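**Q** Pasting a predicted model and its sequence here:
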Amino acid sequence: MASPPFAVVLRISGVAVSQSDLETALGVGLVRYEPARAGPLHYAQIDVLTKDDPWAGIIDCVERFGSQIQALKKDRSIGRVSIDLAVSFDERFAVVTYNLPSHIAEAVGRQGIDVEFSVYVGSDDVIH
């Protein structure tokens, strides 16, 4: 079994409010806020601080922002929200298994947040 994700971010698409309004609503600075590929909406991103335990970082994130995200979705200020787990895939292996613990899936899903996996081929030296 492979180790947990090396990076975790909260992605927010379909953002219809300004960067400052979104930051105020969430109570945190965004690491990315940019126009969507098409249309007038924006895309935003928050880094999930994971320290030594990415799973605890994800739980902290969804507990911290969950109610604000639900309110923003309800008034259509934002669209889809997901936790993106960026994982490495060593090119020497044909198959690698990653485990998303059930308590993480439940906590994220309870807040209406999707889970995505971004998989990158390469060694740890290349990724870090």
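**A** In hand now; what should we look at? These figures come from a predicted structure and were not determined experimentally.
**Q** counting residues per helix, which one in the protein is longest?
**A** With DSSP state H setting the assignment, residue counts place helix 54-74 as the longest helix in the chain.
**Q** Tell me which stretches of the chain form helices.
**A** Residue ranges of the helices in the chain, as given by DSSP H, are 19-26, 54-74, 102-110, 124-127.
**Q** Tell me which residues are up against the third one.
**A** Right, the one you point to is helix 102-110. Helix 102-110 has contacts (C-beta atoms under 8 Å, 6 or more residues apart in numbering) with Trp55, Ile58, Ile59, Val62, Glu63, Gly66, Ile83, Asp114, Val115. C-beta here means a position set from N, CA and C on the backbone, and glycine is covered the same way.
**Q** With the second one instead?
**A** Outside helix 54-74, the residues within contact range by C-beta under 8 Å, 6+ apart are 4-5, 8, 10, 12, 17, 22, 25-28, 46, 48-51, 78-79, 81, 83, 85, 101, 103-104, 107-108, 110-113.
**Q** cool, and the first one?
**A** Outside of helix 19-26, the residues that reach it under the criterion C-beta under 8 Å, 6+ apart are 12, 15, 17, 29-30, 33, 42, 44, 46, 65, 68-69, 71-72, 77-78.
**Q** just the CA coordinates of it, formatted as PDB?
**A** This file holds the C-alpha atoms of helix 19-26, laid out as PDB (Å, rounded to 0.1, in the frame of the first residue of the first chain):
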ATOM      1  CA  GLN A  19     -12.100  37.100  -4.000                       C
ATOM      2  CA  SER A  20     -12.400  39.400  -1.000                       C
ATOM      3  CA  ASP A  21     -16.100  38.300  -0.400                       C
ATOM      4  CA  LEU A  22     -15.200  34.700  -0.600                       C
ATOM      5  CA  GLU A  23     -12.200  35.100   1.800                       C
ATOM      6  CA  THR A  24     -14.400  37.000   4.200                       C
ATOM      7  CA  ALA A  25     -17.200  34.400   4.100                       C
ATOM      8  CA  LEU A  26     -14.700  31.500   4.700                       C
END
